[in-house]
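# Have a look; sequence and predicted model below, questions after that.
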Amino acid sequence: MQLFSYTLKESKRLGLGVDLANGTGWPFGGPWVKDADASKAVFHKTFMVKAGQQLSEAVVYERESMVRTANNKSAKIESIKRPLSANKNLQELALDQIQFAGKLPLIALMAYGDNGSSIDITNKVNADGKLQWTAPASSPQWTLYAMFEGLHGKMVERAAPGGEGYAINHFSKQAAKHYFKRFDEAFKGYDISYLRSFFNDSYEVDDARGEANWTPDFFEEFKRRKGYHLRTQLPALFGKASAEMNSRIIYDYRSIIDELLLEHFTMEWKKWGEGKGKMLRNQSHGSPANTLDLYSVVDIPETEGNDVLRFKFATSAGNVTGK
């Protein structure tokens with residue numbers, strides 16, 4: 001903050017403008033992002049049970065370890081400590097994404113009968129994964145869909161020394177509030193009035209193995225916004241229903257992802273920035289949402305690269321909204 005204050009004073013003296021990135025790399029994240037606020041991914045398994053029988057195997061999901069680096073160097077996950085802050089060589093490791101091996105927590109277990117019925121049996125699974133449930137005779141066979149939640153593991157890419165850590169969950173309002181609180185604490189007692197705007201160097205959580213595609217309260221948000229329970233449609237969510245139902249459900253799922261990214265991250269960031277009297281400069285392209293909406297919220301729609309269509313998303317939103 002002392003260096004930043006000096007930069008602001010010198011820039012003002014020299015007539016230079018200053019914007020501040022809310023992070024040392026991309027996407028937003030850092031060492032203060034705890035597991036609860038880090039990006040999430042959902043995984044699933046299916047089981048078959050005949051009427052009158054019980055499931056013999058445990059309802060568990062064992063995830064294998066995985067590590068990717070931003071500099072394409074090999075890294076052995078066995079040598080990486082948990083929590084990540086315990087590692088002394090994070091700059092050398094240049095972690096881009098990391099997933100540790102282990103059992104993932106169960107978030108839903110649904111039984112679907114051949115007769116079209118569905119039953120939530122999540123609370124009938126004990127701590128060891130044993131399902132205490134006998135399949136009803138109302139259907140000759142039941143298909144069980146188990147959903148598990150895990151850390152997506154995306155890290156801040158090209159983080160500066162001390163800025164290494166997990167990327168935030170962009171679909172969680174709580175994660176956004178916790179993230180920006182760190183800046184509130186840092187700014188206390190300092191004059192940042194000369195700062196023009198805050199900057200986000202793009203979403204790019206998808207620049208990894210698998211998408212960040214979940215948030216802990218997704219079921220509740222889905223029901224509130226769509227009026228029905230996503231739990232009743234898991235076969236369609238995972239592409240195992242009719243082609244029409246698969247399309248309808250995945251459309252509704254993606255529209256919620258769109259709304260959460262817009263409302264819980266972009267608008268929360270905008271509200272926080274306005275509270276500091278600052279503009280926002282954002283690279284919205286690549287986000288799993290309506291890019292025009294995202295660009296319309298911020299003050300300075302910014303793009304990059306050599307794709308003309310990508311340019312038009314930013315310039316169109318900027319023009320229509322008078323930015």
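Yes, it's here.
# Could you report the separation of Thr24 from Pro301?
23 Å (Cβ to Cβ, to the nearest Å). Where you see a C-beta, it was placed from the backbone N, CA and C, and this is true even at glycine.
# and those two? which has more neighbours close in?
Pro301 (26 against 18; other Cβ atoms under 10 Å).
# Just list whatever residues bridge to that one.
Residues in a beta bridge with Pro301, per DSSP bridges, are Asn282.
# Let me know the pLDDT of it.
You'll see Pro301 listed with a pLDDT of 96.
# give me every residue that touches it.
By Cβ atoms under 8 Å, 6 or more residues apart in numbering, the contact set of Pro301 is 282, 284, 295, 313-315, 317-318, 323.
# Recalculate using a threshold of 6 Å.
295, 314, 317-318 (Cβ atoms under 6 Å, 6 or more residues apart in numbering).
# With Gly129 instead?
58-60.
# what would these look like in JSON lines with distance to Asn169, secondary structure and neighbour count?
Supplementary listing: the contacts of Gly129 in JSON lines, determined by distance: Cβ to Cβ, whole Å; DSSP: H, G, I helix; E, B strand; the rest coil; neighbours: other Cβ atoms under 10 Å:
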{"residue": "Ala58", "distance to Asn169": "28", "secondary structure": "coil", "neighbour count": "14"}
{"residue": "Val59", "distance to Asn169": "25", "secondary structure": "coil", "neighbour count": "21"}
{"residue": "Val60", "distance to Asn169": "24", "secondary structure": "coil", "neighbour count": "15"}
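# and these as TSV, adding pLDDT?
Putting the contacts of Gly129 into TSV (pLDDT from 0 to 100) gives the following:
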residue	pLDDT
Ala58	98
Val59	98
Val60	98
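# any idea which of the residues you listed is closest to Trp133?
Val59 (10.1 Å; Cβ to Cβ).
# Isn't that closest one up against Lys130?
No: using Cβ atoms under 6 Å as the test, Val59 is too far from Lys130 to be in contact (7.8 Å).
# got the contact list for stretch 236-250?
Stretch 236-250 has contacts (Cβ under 6 Å, 6+ apart) with 44, 233, 235.
# can you pull the pLDDT of the residue lying closest to the last one once chain neighbours are set aside?
By that I understand Pro235. Excluding the flanking residues, the one nearest Pro235 by Cβ to Cβ, 6 or more residues apart in numbering is Ala241, at 4.6 Å. For Ala241, the model assigns a pLDDT of 96.
# Pull the number of nearby residues for Ala241.
Once other Cβ under 10 Å is used to define contacts, Ala241 is seen to have 17 neighbours.
# does it sit in a helix, a strand or a coil?
Following DSSP: H, G, I helix; E, B strand; the rest coil, Ala241 is assigned to coil.
# Pro288 too?
With three-state DSSP as the basis, Pro288 sits in coil.
# Is Ser296 in a helix, a strand, or coil?
Ser296 is classified as helix under three-state DSSP.
# Contact partners for it?
When contacts are counted by Cβ under 6 Å, 6+ apart, Ser296 touches 317, 321.
# How much space separates it from Asp258?
13 Å.
# mind listing the helices for this structure?
2-14, 90-93, 173-187, 218-226, 234-237, 243-260, 267-275, 291-297, 308-320 (DSSP state H).
# Quick one: closest of those to Thr134.
Comparing those against Thr134 with Cβ to Cβ, the closest turns out to be helix 234-237 (20.8 Å).
# chain center to stretch 290-302: distance?
Stretch 290-302 has its average C-alpha position 19 Å from the chain's average C-alpha position, going by Cα atoms, centre = their mean, to the nearest Å.
# start to end distance for that stretch?
Across stretch 290-302, the terminal residues are separated by 15 Å (Cα to Cα, to the nearest Å).
# any low-confidence regions in the stretch 1-150 of the chain?
Scanning the stretch 1-150 of the chain for pLDDT under 70 picks out nothing.
# all strands for it, in order.
19-21, 29-30, 40-50, 62-63, 66-69, 95-99, 102-103, 106-113, 118-120, 141-151 (DSSP state E, counting those that start in this stretch).
# As CSV, the ones you listed with mean neighbour count would be great.
Output for those, formatted as CSV (neighbours: other Cβ atoms under 10 Å):
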stretch, mean neighbour count
strand 19-21, 16
strand 29-30, 25
strand 40-50, 16
strand 62-63, 13
strand 66-69, 18
strand 95-99, 23
strand 102-103, 12
strand 106-113, 20
strand 118-120, 17
strand 141-151, 21
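# Name the surrounding residues that touch stretch 184-194.
So stretch 184-194 is contacted by 1, 5, 8, 12 (Cβ under 6 Å, 6+ apart).
# Neighbour-wise, give me the winner out of the residues you listed.
Neighbour counts for the contacts of stretch 184-194 (other Cβ under 10 Å) peak at Leu8, which has 19 neighbours.
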